[in-house]
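Participant: Would you be able to build a 3D model of this:
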Amino acid sequence: MTAKPTREKILDAALDLASEKSWESVRLHDVAAELGITLNNIREHFREKEDFTDAWFDRADASMLQEADKIDLQKLSARERVHRLIMTWLTALAKYRSVTRQMICGKLEPGHIHYQFSGLLRVSRTVQWVREAAHRDAELPWRAIEEAALTMTYLATFFFWMRDDSENAMRTSDFLDKLLKRAEFIATWIPIIDGPPKESSTRSQAY
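Facilitator: Numbers count the residues shown, from 1 in each chain. From the prediction side, this is the model:
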């Protein structure tokens, strides 16, 4: 008796089909036929097609957190830690970059308000994992400032990466580095509300 495919194998099959055609054209019955299983087998892991998108980004989150476990990461500066984590997250998606772009475009289509709301929650979740992995421990009001800056940086970098065809996404890496340096510079001009961030005695490391 053939063992049922795991959640990861089902996701891989969906991504492979999308890379051959398009994400919009993939149907759950196509994935089931590709793996020789039933729709009920898929339903055990995925309630709907949109769950594949969440699972894909969950995989990137997991890859980023594995990178965070490396001892040398915490020896880097705050900016270098954030840069490495975000680039690791993007690298995890690189194999299916075109499909990833199609997934995002699907979420942004008019009429998909529920998908757009879930997308905002998805962004917030990943940003929080970046902060945790980078050991950003600032308290309010600095935490709110950091989160807003990091969210804008993450989104700008993500959308830049989706159109970047440079080797190993080097243009994206440079773009992200510039954004992070700019955030550090801007932080030095923010009036002290309740002292500097907890991690540092200087606002130049507020990011």
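Participant: helices and strands around the helix or strand bottoming out on mean pLDDT in the chain, which ones?
Facilitator: Every helix and strand in the chain was compared by mean pLDDT, DSSP states H and E; the lowest is helix 113-133, with a mean of 83. When contacts are defined as 3 or more Cβ pairs under 8 Å, 6 or more residues apart in numbering; DSSP states H and E, helix 113-133 packs onto helix 50-68, helix 78-93, helix 97-108, helix 142-161. In this view, the C-beta of every residue, glycine as well, is placed from N, C-alpha and C.
Participant: what comes into contact with the first one?
Facilitator: I take that to be helix 50-68. 7-8, 11, 14-15, 45-46, 73, 84-86, 88-93, 96, 100, 103, 106-107, 115, 118, 122, 125-126, 129-130, 132-134 (Cβ atoms under 8 Å, 6 or more residues apart in numbering).
Participant: Produce a PyMOL select command limited to the buried residues of those residues.
Facilitator: Only the buried entries of the contacts of helix 50-68 go into this PyMOL selection, using 16 or more other Cβ atoms under 10 Å:
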select buried, resi 11+14+15+45+46+73+84+85+86+88+89+90+91+92+93+96+100+103+106+107+115+122+126+129+130+133+134
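Participant: Please work out how many residues are found near the residue nearest to residue 90 when sequence neighbours are not counted.
Facilitator: Nearest non-adjacent residue to residue 90, counting by Cβ to Cβ, 6 or more residues apart in numbering: residue 161, 5.1 Å away. By the criterion of other Cβ atoms under 10 Å, residue 161 has 25 neighbours.
Participant: same thing with residue 64?
Facilitator: Residue 64: 22 neighbours (other Cβ under 10 Å).
Participant: about what we covered before: which among the helices and strands packed on helix 113-133 is found nearest to residue 21?
Facilitator: Distance to residue 21, taken as Cβ to Cβ, is lowest for helix 97-108 among the helices and strands packed on helix 113-133, at 10.0 Å.
Participant: Can I get the closest one in PDB, CA atoms only?
Facilitator: The C-alpha coordinates for helix 97-108 follow below in PDB (Å, rounded to 0.1, in the frame of the first residue of the first chain):
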ATOM      1  CA  ARG A  97      10.000  33.000  -7.600                       C
ATOM      2  CA  SER A  98       7.700  33.300 -10.600                       C
ATOM      3  CA  VAL A  99       5.000  31.200  -8.800                       C
ATOM      4  CA  THR A 100       5.500  33.300  -5.600                       C
ATOM      5  CA  ARG A 101       4.900  36.500  -7.600                       C
ATOM      6  CA  GLN A 102       1.700  34.900  -9.100                       C
ATOM      7  CA  MET A 103       0.500  34.000  -5.500                       C
ATOM      8  CA  ILE A 104       1.000  37.600  -4.400                       C
ATOM      9  CA  CYS A 105      -0.800  39.000  -7.400                       C
ATOM     10  CA  GLY A 106      -3.700  36.700  -6.700                       C
ATOM     11  CA  LYS A 107      -4.000  38.000  -3.200                       C
ATOM     12  CA  LEU A 108      -4.000  41.600  -4.500                       C
END
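Participant: buried residues in the helix or strand encompassing residue 185?
Facilitator: Element membership for residue 185 (DSSP states H and E) is helix 170-187. Buried residues in helix 170-187, counted by 16+ other Cβ under 10 Å: 172, 173, 175, 176, 179, 180, 183, 184, 187.
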